[in-house]
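Engineer: Just the structure for this:
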Amino acid sequence: MNYPIYLDYNATTPCAPEVIQAMLPYFGTHFGNAASKSHPFGWVAENAVEDAREKVANLIGSKPKEIIFTSGATEAINLGIKGIFESYAGEKQHYVTAQTEHKAVLDTFSDLERRGGAEVTYLPVNSQGEISLEELEKSILPHTKMICLMWANNETGVIHPISEVAELCEKEGLIFFIDAVQAAGKIPINTKGIHLMAISAHKLYGPKGIGALYVRHNHPLPKPLAQIHGGGHEKGMRSGTLNVPAIVGFGEAAALRLKEMGQEGKRLQDLRDKLEKGLLDIPTVFLNGNQHNRLPHVSNLAFAGVEGEELLKKVNLKVAVSSGSACTSISPKPSHVLQAMGLDSDLGRASIRFSLGKDTNEKDIYDTVSWVKEVVNSLRDK
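Structural biologist: All right, here's what the predicted structure looks like:
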């Protein structure tokens, strides 16, 4: 197949060659179950899992024992939120999140509201996609249990003030849950002041189907209760036979990102800025989100005067991009993130997220600018 230029790295990334090579032996030669404690097949698998656990922990600055492997970030988010909700069963409960969170967070909180017993505040954002710390503090109630925010937005790349919110949670005695899916492996992150953190391998050049929940140890606030039972794997928090090849791949990807992300982030920011310079030369094209406080590889642009669905369809003939989260890309509705930022529906639908990655080069950027200009001009001339 003659693939287009790929600029949708926030949706998923290709497995790095080193990751694939690291995984291969665990499909065949080292096929043991990591829970088989009585023979070498199990020992080899268990050692590989623990080695990977340490590599993932190093990426986010945690202890290996604080990493719980899951099937991905969506499961980690469900475990974190629902597990805490159940740990406070019988108590009046209130949670704080933002209107621009990923659907995995918003839908999970919506489910808790539907069940009854949970009250949720969805913080608004300004036109730059930023929350107000003052409004956040005012939203805290006597029965607030958790603040749940993403480190960096998946559609705009906007970064929340994590350290300030962590200090607030510490002062108020609240659980701080971070969705770090788009930040981990892209920018330096840490777990200081954070109690729960969800990350995913396939966003950082690892395999799909594997993620992790960081759970802070040695802290008086409760840990989440298990949502999947049957064997007590992963310290009793997530039962099920471990996906050893994927875990090994996750560990290798985490180690690679720890080594590469600083230099790679600078390279991608330079390319992203060239992309924006070219596309913002087109009349009535606007940047969505904060221009400065964002991930280095993400650009979300609104193209006025064109029909959004037609724009996306034509651009994708030569450049693979999206209008937002891969989880909502099948919907013709404007992005909930851009709506929360105040964009009108037409402009929201005519917005494209460009996300760059390891294989993006300068020629890709110039070709993309040329093609998008051609598409936008042709649609406006209709």
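
Engineer: my read: residue 321 touches residue 312, true?
Structural biologist: Yes - when contacts are counted by CB atoms under 8 Å, residue 321 is listed as touching residue 312 (7.4 Å). Quick note: C-beta positions are derived from backbone N, CA and C, even for glycine.

Engineer: Find residues that contact each of these two.
Structural biologist: residue 352 (CB atoms under 8 Å, 6 or more residues apart in numbering).

Engineer: ok, now which ones touch the nearest residue to residue 161 once chain neighbours are set aside?
Structural biologist: Closest residue to residue 161 apart from its sequence neighbours, by CB to CB, 6 or more residues apart in numbering: residue 133 at 6.3 Å. Residue 133 makes contact with 161, 164-165, 168 under the criterion CB under 8 Å, 6+ apart.

Engineer: ok, now residue 233?
Structural biologist: Per CB under 8 Å, 6+ apart, neighbours of residue 233: 35, 239-242.

Engineer: What pLDDT does the model give the residue nearest to residue 161?
Structural biologist: You'll see residue 133 listed with a pLDDT of 98.

Engineer: Quick check: it vs residue 289, distance?
Structural biologist: Per CB to CB, to the nearest Å, residue 133 is found 18 Å from residue 289.

Engineer: One more: residue 97?
Structural biologist: 18 Å.

Engineer: If you count surrounding residues, which of the two has more?
Structural biologist: Legend: neighbour count by other CB atoms under 10 Å for residue 97 and residue 289, higher for residue 289 (27 against 24).

Engineer: Look up how far residue 351 lies from the more buried one.
Structural biologist: Taking CB to CB, one finds residue 289 at 10 Å from residue 351.

Engineer: Residue 283 now?
Structural biologist: 16 Å.

Engineer: who's more crowded, those two?
Structural biologist: Neighbours per residue, other CB under 10 Å: of residue 283 and residue 351, the larger number sits with residue 351, 25 against 10.

Engineer: ok, and the closest non-adjacent residue to the more buried one?
Structural biologist: residue 302 (4.4 Å).

Engineer: Could you report the pLDDT at that neighbour?
Structural biologist: Note on residue 302: pLDDT of 97.

Engineer: Find the helix or strand that it is a member of.
Structural biologist: strand 298-303 (DSSP states H and E).

Engineer: Flag every buried residue along the helix or strand that that strand is followed by.
Structural biologist: Per DSSP H and E, strand 298-303 leads on to helix 308-315 as the next helix or strand towards the C-terminus. Buried residues in helix 308-315, counted by 16 or more other CB atoms under 10 Å: 308, 311-312, 314-315.

Engineer: Noted, bye for now.
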